[in-house]
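>>> Structure for this input, please:
(one chain, ligands or ions: 1)
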Amino acid sequence: MRRIPASLAILALCVNLAQAHDNGDGEFEAAIEYRTGVMNVMLWNLKHMGAVVKGKAKYDQAAFTRQARDLNAASHLDILPGFPEDSDEGDDTDAKGEIWLDWDNFTAKLDSLRKETSALATTAAGGDFAAIKTQYGKVGKACKSCHKAFRE
Ligand code: HEC
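Sure thing, here's the model as predicted:
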């Protein structure tokens, strides 16, 4: 094997680490924007439905069904690549480090949300307001359950 002078090897390592760090930061930033973007799409729809369920806005079955459908679609986006390991550092994120210590639980909570949003989409299309209210509550709980465990 050809021997590489130690100083050169260390220099190469430093350059490597510096690059990895730069790339990491850029990727984390983009990932954080992506995941909070998806979260905000979900909130937009949940909020509008929430106003109706709480009697603060008029129930319009077609609009409600669209919002439930869009929430369901957003919850099924492939959001997990938006959570690269240890991307909980910095001011731009409220993600907790527990996400990567308890990844199975995190993904289980995402699966629960998807199950509930899917049921809400079906219930909304059916137009039974009492059933819609109940199912809306289950979706809200699924959001909160994950935030409680994994968001600052
Ligand atoms: C599987 C876990 C999980 C579920 C389920 C979940 N969230 Fe989140 N949410 C997070 C995490 C983690 C953050 C923090 C992300 C960050 O700041 O990087 C977050 C952040 C947010 C934010 C703040 C975004 C921002 O701009 O800072 C909103 C709004 C939000 N979630 C809405 C929702 C809604 C609405 C639901 C349910 C329909 C939901 N979330 C379900 C994990 C989840």
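>>> So which residues on the protein come close to the ligand?
32, 35-36, 39-40, 42-43, 46, 93-95, 106, 109-110, 113, 139, 142-143, 146-147, 150-151 (C-beta under 6 Å from any ligand atom). Quick note: C-beta positions are derived from backbone N, CA and C, even for glycine.
>>> Which among these count as buried?
32, 35-36, 39, 42, 46, 93, 95, 106, 109-110, 113, 139, 142-143, 146, 150-151 (16 or more other C-beta atoms under 10 Å).
>>> Give me the subset of those residues lying in helices.
32, 35-36, 39, 42, 46, 106, 109-110, 113, 139, 142-143, 146, 150 (DSSP state H).
>>> Verify the stated contact: Ala68 with Ser118.
No: using C-beta atoms under 8 Å, Ala68 is not in contact with Ser118; the gap is 9.5 Å.
>>> low-confidence ranges in this protein?
Applying pLDDT under 70 to the chain flags the ranges 1-25.
>>> where exactly do the helices run in it?
Using DSSP H, helices in the chain cover 6-53, 61-75, 98-101, 103-126, 129-150.
>>> wait, what's in contact with the residue lying closest to Asp60 once chain neighbours are set aside?
Counting by C-beta to C-beta, 6 or more residues apart in numbering, the nearest residue to Asp60 once its immediate chain neighbours are dropped is Val52, at 7.8 Å. Neighbouring residues of Val52 by C-beta atoms under 8 Å, 6 or more residues apart in numbering: 58-60, 64.
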